[in-house]
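S.K.: Have a look at this prediction, sequence included:
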Amino acid sequence: MKPDHQPPVARRALLVGAGTAGALVATATLVPLREPAKAVPSAAAQPAPDAAAGYRLSEHVQQYYRTARV
């Protein structure tokens, strides 16, 4: 015989489980319908820089050399 003061936990657990399963199924069916993200252009697709565009002795580089002097 069951005591009267205990709530029916099994029924509540069943309803919570069914609700969770339903939400998971709904999410699983909607996720594939989204459009795929646009691809970001890679570095290989960008044009190659000039051969003369290598190392440049700019003002900030000269400032570094002045501060690094021993």
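M.R.: Sure thing, it's come through.

S.K.: count of neighbours near residue 57?
M.R.: As a burial measure, residue 57 scores 7 neighbours (other C-beta atoms under 10 Å). All C-beta atoms are positioned from the backbone trio N, CA, C, and that covers glycine.

S.K.: Let me know the secondary structure of it.
M.R.: The three-state label given to residue 57 by DSSP: H, G, I helix; E, B strand; the rest coil is coil.

S.K.: Give me the distance between it and residue 38.
M.R.: 39 Å (C-beta to C-beta, to the nearest Å).

S.K.: Ok, residue 9 next?
M.R.: Per C-beta to C-beta, residue 9 is found 49 Å from residue 38.

S.K.: For stretch 20-40, list every residue counted as buried.
M.R.: Residues of stretch 20-40 include none that count as buried (16 or more other C-beta atoms under 10 Å).

S.K.: Now do that stretch, average pLDDT.
M.R.: The predicted model assigns stretch 20-40 a mean pLDDT of 79.

S.K.: what does stretch 60-70 give?
M.R.: 89.

S.K.: quick one: the helices in this structure?
M.R.: Ranges of helices in the chain, per DSSP state H, are 9-30, 59-68.
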